[in-house]
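K.L.:
got a predicted structure here, sequence first:
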Amino acid sequence: MSDRQKTRARPNPRRAFAQTYGEVLAAGIERRSVLKGLLAIAGSSVAMPFIGGEAKAAEVSTLRFNELKRVRDREDHWPEGYGRQILVRWGDALFADSPAFDVAKLDGKAAERQFGYNNDFTYYMPLTFGSDSSDHGLMIVSHEYATPFLMFPGLTDEDYREKLTDDQIRAIMASVGLSIFEVRKAGDKWEVVLDGKLNRRIHMGTEMAISGPAAGDDRLKTKADPAGKTVFGTISNCNGGITPWGTMLSGEEGSMDVFAGDFKTLANQELVERQGWDEEDNDIYGVGRIEPRFRFEEEPNEWMRFDWVVEIDPLDPTARPVKRTALGRFTHEGAQCAVAADGRVVVFMGDDDDFEYLYRFVSRDPWNPNDRAANRDLLDNGTLSVAKFSSDGTMQWLPLVAGEGALTAEAGFKRQADVVLNTRGAADLLGATPMDAPEGFVVHPKTGKLYVAMTENEDRLAAGEGEEREQVNPANPRGPNPHGHLLELVPPGGAEKPDFAAESFRWDVFVLCGNPAEAGEGAMFHPATSENGWFTDPDNLSVDLDGRLWVATDGPPPAGIADALFVMDTEGEGRALPKLFYVAPVGSECCSPTFTPDGKTVFVSIQHPGELRFDDDEDATSIADAGTNWPDFKDGLPARPALIVLSRNDKETLGS
Ligand code: FEO
Ligand code: CA
Ligand code: CA
């Protein structure tokens, strides 16, 4: 979900910063390594001026491209010497028999054969699987949500629910979910392989299984599925991850707003409340009109069958996707996989909402690299944990196990199903650390360190204000935090043998986002960060062939820039020194940069272009006032979310 949408759901008066940079220091993070470099130069000043900017950066950073200027534009921008291709847009063909995109005639049947809307998770999987092919692969892409009044001409945010036709509603249901399709490089251009045998669309009507501790639970049973083990569709497919055996994990992030009716009629109001329901954001697609199961009064359990992690086998187009309930139910952003030293599989996950938590799942059994089928149900058994950060620079993963510690039967946690169906409630009881809307999570393949993005949290309070869980804490040190930050988590065992399953990690603040020239923002980047290189609202994170961290942003834009891609070193003299690499068209979020194994091509999803108006950055209310109609720029054609490809004209490695 775009940060803009979330912000709209929870209006909060903007306040001046309650904490200065000095107070942040006093709060006990002076040992942080980024900060050390900063202190040496900035002395006692609370501001961080642009010291040296690009000239200094050129000396210490390993990056060798000319940084872009901050820009806010209807078009997108990329560095000199690089090329950008639009690979596929919403409505483009994914199969040889796909109908041509015609927004006036779009229906469910057509949309099921086309690239979906609002692409988020994006992954290039070399074909054959396990090879290092950099010119033929499988693109695995999620489509998080739809905005009907920016898709179909003649609708506005006020009247679209009444005006949507049944065909348009069916088109919406088929335009979310996932697209899986082969891509190939032909000469200098990438193309979709329309007759690819693995090409597949998954959407709100695709049958899938429910497995793990909550499968068959009474709370997951419906009229259509009295066994509580089969569900049609996946919704709000945000980011995700890839398992070592090549399946995709898709995070369902906040499906509740698709449901219609009165949520106050639901039995479990405690859960409803804990999930943070917002009445105004109910029934966003009108689907309750044609599918009664999406109306609370008709089917009170259907909503519990979403907001899970879905495992999808992209290498078998006939395989049923499976909702893995052992990984908990919350607003899943992504699912970053790693392998522990003993072969157990570890999945790191963020719950993308203000004051929510970081989670980890460790499989009970090791994975089998020699028998892909043996891993089929590996994610049904294991231990889910939640993160608690301490001011001494350590963090603990607290197990969320029914019957252990505070998770007693008396407290409502008799069986593990009770835990996974109320994951947030269980984590509350253990005293987990409430984070500033955690999103991207990436494991650095060279150092074994993890990076986590906290997008922002304007509702974070200063010490001593309001409820304790909403106050600043060591890992979320600014209240309010409208700009977000990145944490670095360090498992024991070092770069050679990181123990991702260990109970305790160390942690550090990697960057505090914001404009370093504005003292009140309390930003912390490398002191040589230029006036173009700082960023806010970090969302998806990726690591490239050379070990550099790529940050894709998603947020209400600060003056003068649209959402963008930034790149930086994580080690050495250029650590935490970002450079601006790509700027998206106004109103878009950049998502999920993914690389070919040779490091020469990056694919990036451009989600919700034009969602903001150009003149004032307010939410667009129709196609007519959308901030852009990128990438086609044709009258009568709305802006179209798209997957782009960036590479160097001289065919060398990106960034070097
Ligand atoms: Fe889908 Fe958390 O952004
Ligand atoms: Ca986001
Ligand atoms: Ca996101």
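P.N.:
Ah, there it is. For clarity, every value in this text was computed on a predicted model and none was experimentally measured. Numbers count the residues shown, from 1 in each chain. Ligands and ions are numbered 1, 2, ... in the order given.
K.L.:
quickly note the distance from Asp554 to Ala502.
P.N.:
Distance from Asp554 to Ala502, counting by Cβ to Cβ, to the nearest Å: 31 Å. C-betas here are computed from N, CA, C, even on glycine.
K.L.:
those two: which has the busier surroundings?
P.N.:
Asp554 (30 against 16; other Cβ atoms under 10 Å).
K.L.:
isn't that one up against Asp539?
P.N.:
Yes - the pair Asp554 / Asp539 is scored as a contact, 3.9 Å apart, by Cβ atoms under 8 Å.
K.L.:
in the stretch 1-150 of the chain, what residue is nearest ligand 3?
P.N.:
Proximity of the stretch 1-150 of the chain to ligand 3 (Cβ to the ion) peaks at Asp120, 6.3 Å away.
K.L.:
list the buried residues in stretch 188-203.
P.N.:
The neighbour-count check on stretch 188-203 (16 or more other Cβ atoms under 10 Å) flags Trp190, Val192, Val193, Gly196, Leu198, Asn199, Arg200, Arg201, Ile202, His203 as buried.
K.L.:
who's in contact with Arg219?
P.N.:
Taking Cβ atoms under 8 Å, 6 or more residues apart in numbering, we find Arg219 in contact with Gly228, Asn268, Asn301, Met304, Ala417, Leu421.
K.L.:
residue ranges of the helices in the protein, please?
P.N.:
Assigned by DSSP state H, the chain shows helices spanning 3-9, 21-24, 33-42, 53-60, 108-111, 148-151, 160-163, 166-175, 269-274, 416-421, 423-430.
K.L.:
what mean pLDDT does the third one have?
P.N.:
Same thing as helix 33-42. In this model, helix 33-42 has an average pLDDT of 38.
K.L.:
give the contact list for the residue of the stretch 101-250 of the chain at minimum distance from ligand 1.
P.N.:
When scored by Cβ to the nearest ligand atom, the stretch 101-250 of the chain has Cys238 as its residue closest to ligand 1, at 3.3 Å. When contacts are counted by Cβ under 8 Å, 6+ apart, Cys238 touches 1, 120-121, 142, 144, 250-253, 332-334, 352.
K.L.:
buried among those residues? Make that a ChimeraX selection.
P.N.:
Buried residues within the contacts of Cys238, by 16+ other Cβ under 10 Å, are selected in ChimeraX with:
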select :1,120,121,142,144,250,251,252,253,332,333,334,352
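K.L.:
tell me which of the contacts of Cys238 is nearest to Leu94?
P.N.:
Distances from Leu94 to those, taken as Cβ to Cβ, are shortest for Ser142 (14.2 Å).
K.L.:
which residues does the closest one bridge with?
P.N.:
Counting by DSSP bridges, Ser142 is bridged to Leu178.
K.L.:
equivalent analysis for His136, please.
P.N.:
In beta-bridge terms (that is, DSSP bridges), His136 pairs with Arg184.
K.L.:
run through the residues that contact it.
P.N.:
His136 sits next to Pro126, Leu127, Glu182, Val183, Arg184, Lys185 when contact means Cβ under 8 Å, 6+ apart.
K.L.:
and it, how far from Val583?
P.N.:
The spacing between His136 and Val583, counted by Cβ to Cβ, is 30 Å.
K.L.:
my read is that Ala215 contacts Gly228, right?
P.N.:
Yes - Ala215 is in contact with Gly228 according to Cβ under 8 Å; the separation is 6.7 Å.
K.L.:
interface residues of the stretch 451-600 of the chain facing ligand 2?
P.N.:
Contacts of the stretch 451-600 of the chain with ligand 2, taken as Cβ under 5 Å from the ion, map to Asp539, Asp554.
K.L.:
indicate the residue of the stretch 451-600 of the chain located nearest to ligand 2.
P.N.:
Here the stretch 451-600 of the chain gets closest to ligand 2 at one residue, Asp554, 3.8 Å apart by Cβ to the ion.
K.L.:
ok, now how distant is that residue from ligand 1?
P.N.:
Separation of Asp554 from ligand 1 (Cβ to the nearest ligand atom, to the nearest Å): 7 Å.
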